[in-house]
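A.B. asks: structural data only, the sequence is not supplied:
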């Protein structure tokens, strides 16, 4: 990875207060990028920026909840006022699920879609006019291996991630003529707080780390792989340990896939 590639580029990261988003901030700060940090917790975002040694002229904090992206256009204007352009949008923020479909409330299902699908679409559509005007840009969308197959306790989460693939694969074809690239990232098990913050059937928090995430790939390593994929203009990447092999098994050996997946622990 060239350390010159992201230098001076203006990069907007959602879910930037921790996990993969926080790791992306640290890595991009080392490479001299100008970074917009977004998540709900404003003080946590400033703490990440300070820990990454970002100077005030090189970063901007725009706190918001992904469940409410109604001000997306005004967020874009804030970025343009400070940096005059947007080179990369990394739609990393999201929320997972741990609950059987039959007991998951409609409100919880709609919330999962609002955060994991509609917010990602709204932010992409907000930056696209700028990128089209620039005749350059890159949109990275963090999906999941759950966007490639369904799994226990993840019905609406998996459905929203599947929807991202349909939308952003279509968008990629439409914006290539404007020199805009689209990358879909499918992480498997990454050691972050995603399972802690996952919501149960009634909308309350799972509040514990899944055993399978304890010894998983670090967020730092995942972030580095995402940045290499952006730089090399990949269209889709799978990131994780041996669990990502299941995507290939499903494609080439579907009977074996269903045999294996039924034996997996939901946590």
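C.D. replies: Received the coordinates, thanks. Everything numeric here is computed off the predicted structure, so don't read it as measured data.
A.B. asks: so which residues of the stretch 1-150 of the chain form helices?
C.D. replies: 19-30, 42-51, 72-83, 106-113, 119-134 (DSSP state H, counting those that start in this stretch).
A.B. asks: show me the one of those that comes nearest residue 257.
C.D. replies: Nearest to residue 257 among the helices of the stretch 1-150 of the chain is helix 106-113 (24.2 Å), distances taken as Cβ to Cβ. In short, each C-beta sits where N, CA and C put it, glycine included.
A.B. asks: same question for the closest one, mean pLDDT?
C.D. replies: Per-residue confidence for helix 106-113 averages out to 96 on the pLDDT scale.
A.B. asks: and the angle from it to helix 119-134?
C.D. replies: Per axes from the mean of the first three to the mean of the last three Cα atoms, to 10 degrees, the angle that helix 106-113 makes with helix 119-134 is 30 degrees.
A.B. asks: next, the buried residues of helix 106-113.
C.D. replies: Judged by neighbour count using 16 or more other Cβ atoms under 10 Å, the buried positions of helix 106-113 are 108, 109, 111, 112, 113.
A.B. asks: what's the local residue count around residue 266?
C.D. replies: Using other Cβ atoms under 10 Å, the number of residues around residue 266 comes to 12.
A.B. asks: roughly how far apart are it and residue 69?
C.D. replies: For residue 266, the distance to residue 69 (Cβ to Cβ, to the nearest Å) stands at 30 Å.
A.B. asks: same question for residue 105.
C.D. replies: From residue 105 over to residue 69 (counting by Cβ to Cβ), the distance is 22 Å.
A.B. asks: neighbour count for the two, which is higher?
C.D. replies: Remark: of residue 105 and residue 69, residue 69 carries more neighbours, 21 against 13, as counted by other Cβ under 10 Å.
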